[in-house]
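S.K.: Can you look at this prediction? I've put the sequence above it.
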Amino acid sequence: MLIEAIGDNFFRGYRRGETASEAIFTRKVGHTQRGGRPIYFDRFYASQLGGKAVDLLAEGYNNHVAILQHTRAGGFQVSSFDANRFRDKWGHIHARKMPAALFDPKLLRPSRLGIDYLQPIFTNAFNESDAEHILRTAFAPGNLTQPYHSPNTDVNKRIRYIAD
């Protein structure tokens with residue numbers, strides 16, 4: 001829908017690709033970095049975040065980001081944020097670092113706060129569909145003859161670098 005609505009000329013004008021389909025593509029968030037299938041927690045909140053993003057667009061909020069927030073009192077909750085609030089004074093968005101309070105460097109393990117944060121993720125990490133997937137894929141005979149397929153390779157095929 002976005003590809004049809006926005007069209008190719010918009011992206012060409014900003015030099016973001018030749019076509020809208022080059023600039024707009026889906027990504028399975030989270031599991032690419034971890035190298036495996038998204039856990040149940042990932043899939044549940046990814047669907048919630050996707051729904052929130054669609055709601056934001058339908059309500060006319062552009063330049064907003066659907067976010068997952070955590071509080072001790074409320075646990076994980078889907079919300080939204082004006083994307084400009086993520087930008088520094090030059091308009092750049094920087095990667096956020098893990099809060100130091102989530103890790104105990106002396107004990108080399110999560111702190112009490114880190115455990116409280118990770119507990120619901122680990123509690124809801126795995127369900128029946130995960131077990132079914134593992135049964136079908138971990139010991140599939142094709143694993144003996146087929147090379148591993150990396151999502152990062154697919155992403156790199158889509159990236160173009162400008163020569164100096």
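M.R.: Looks like it came in fine.
S.K.: ok, what's across the strand from Ala66?
M.R.: Ser80 (DSSP bridges).
S.K.: Tell me how far it lies from Pro38.
M.R.: Distance, Ala66 to Pro38, by CB to CB, to the nearest Å: 17 Å. Glycine gets a C-beta too; all of them are placed from N, C-alpha and C.
S.K.: can you pull out the helices in this protein?
M.R.: Assigned by DSSP state H, the helices in the chain fall at 2-6, 8-13, 20-23, 31-34, 40-58, 112-123, 128-137, 151-158.
S.K.: tally of neighbours for Asn62?
M.R.: 7 (other CB atoms under 10 Å).
S.K.: per-residue confidence at it?
M.R.: Reading off the confidence values, Asn62 has pLDDT 87.
S.K.: Next one: it from Ala101, what distance?
M.R.: 34 Å.
S.K.: do Leu135 as well
M.R.: 39 Å.
S.K.: if we can go back for a sec, who has more neighbours out of Ala66 and Pro38?
M.R.: Comparing Ala66 with Pro38 by other CB under 10 Å, the one with more neighbours is Ala66, at 20 against 17.
S.K.: quick one: contacts for the more buried one?
M.R.: Ala66 is in contact with 49-50, 52-53, 56, 78-80, counting by CB atoms under 8 Å, 6 or more residues apart in numbering.
S.K.: can I get these in CSV with neighbour count?
M.R.: CSV is the format used below for the contacts of Ala66 (neighbours: other CB atoms under 10 Å):
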residue, neighbour count
Leu49, 18
Gly50, 14
Lys52, 19
Ala53, 16
Leu56, 16
Val78, 17
Ser79, 11
Ser80, 17
